[in-house]
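Participant: Provided below for reference: sequence and predicted model.
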Amino acid sequence: MSLLSKNHKDTNEKTQKFIVNLAIAEDEVPYVKSCEVINGTFRNRTSFSRDFVIDKIFTQKVALGIQHCIDKLTQKNEVVSLPTYVVEAEKIVLAGANVISRANDQNGANIILRFNLFLGSISGAFNPEIGFQNSLEGPTDAVSMEILSDIAMPLLNLCIAVETGDALDARRAQKFLDTLSDRSYEIKFQIELIKRFVENNERGLNDVELPSTPSFKALL
């Protein structure tokens, strides 16, 4: 293998590709079936729970770019190459499109749109409602809020009752103890996950070695 061929192969392996799989029934608008991200080390495919039209999945600029590629098709069985075509959006640039269309059983067509290169974050191609932009902070906040509402707030009510001299009746006290007993394992596990998440974030931001977190068994 020549040096030129090797460099070309290495470049291809490092290039990230984005593929959109669509379907279109007769006389209807195309809908998105799935999307794929491909690079030299992995292939990640995302399917959707129901049929969405293009502008429901993708941001406006990306949706217009995809529709522009589809509009280049003139028949159901066709291959169109757009090597210089570029779609520029806020957090992503897609370039070099190939469109493959094949007739399907619904008198329509299945379409594969392949962008041979993209730069930036793939989440920038999708509408926020789809959920690709959500970071780990969302689930972490939800778990934290669950712990706060189920445990911390009853504890606060207990502290207020003690401070004001308003003693809890037996029923309310037993209900609180039952909550602690029923969910103790789950709560400790969630707290441990949050601790690890925070420490890993700090380790990544500061690039310093932190004391290791005790294993979950140490909490039992």
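Facilitator: Arrived safely. Numbers count the residues shown, from 1 in each chain.

Participant: Arg102 sits in which helix or strand?
Facilitator: In this assignment (DSSP states H and E), Arg102 forms part of strand 92-103.

Participant: Show me what that strand is packed against.
Facilitator: When contacts are defined as 3 or more Cβ pairs under 8 Å, 6 or more residues apart in numbering; DSSP states H and E, strand 92-103 sits against helix 60-71, strand 78-88, strand 109-120. To be clear about C-beta, it is placed using only N, CA and C from the backbone, and glycine gets the same treatment.

Participant: Would you map out the domains in the protein?
Facilitator: For the chain, the structural domains run 3-129, 137-219, going by automatic domain parsing.

Participant: Stretch 106-113: which residues count as buried?
Facilitator: Using 16 or more other Cβ atoms under 10 Å as the test for burial, stretch 106-113 gives Gly108, Ala109, Asn110, Ile111, Ile112, Leu113.

Participant: Take these and lay them out in CSV including pLDDT and distance to Lys61.
Facilitator: Shown next, in CSV, are those (pLDDT from 0 to 100; distance: Cβ to Cβ, whole Å):
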residue, pLDDT, distance to Lys61
Gly108, 89, 26
Ala109, 93, 24
Asn110, 95, 25
Ile111, 96, 20
Ile112, 97, 21
Leu113, 97, 15
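
Participant: Closest one of these to Ile130?
Facilitator: Leu113 (17.5 Å; Cβ to Cβ).

Participant: so who does the closest one touch?
Facilitator: Residues near Leu113 by Cβ atoms under 8 Å, 6 or more residues apart in numbering: Ile19, Val20, Asn21, Leu22, Ile66, Cys69, Ile70, Ala97, Asn98, Val99, Ile100.

Participant: pLDDT value on the third one, please?
Facilitator: What that stands for is Asn21. For Asn21, the pLDDT comes out at 96.

Participant: and it, what element?
Facilitator: Assigned by DSSP H and E, Asn21 falls within strand 17-24.

Participant: Run through who's touching that strand.
Facilitator: 30-39, 54, 66, 70, 94, 104, 106, 108-118, 122, 125.

Participant: from those residues, which would you call buried?
Facilitator: For those, buried by 16+ other Cβ under 10 Å: 30-33, 35-38, 54, 66, 70, 94, 108-116, 118, 122, 125.

Participant: quick revisit: so can I have JSON lines of the buried residues of stretch 106-113 showing distance to Ala89?
Facilitator: Formatted as JSON lines, these follow (distance: Cβ to Cβ, whole Å):
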{"residue": "Gly108", "distance to Ala89": "28"}
{"residue": "Ala109", "distance to Ala89": "26"}
{"residue": "Asn110", "distance to Ala89": "25"}
{"residue": "Ile111", "distance to Ala89": "20"}
{"residue": "Ile112", "distance to Ala89": "21"}
{"residue": "Leu113", "distance to Ala89": "15"}
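
Participant: Can you tell me which of these is nearest Ser49?
Facilitator: When the buried residues of stretch 106-113 are compared for distance to Ser49 (Cβ to Cβ), Asn110 wins out at 19.2 Å.
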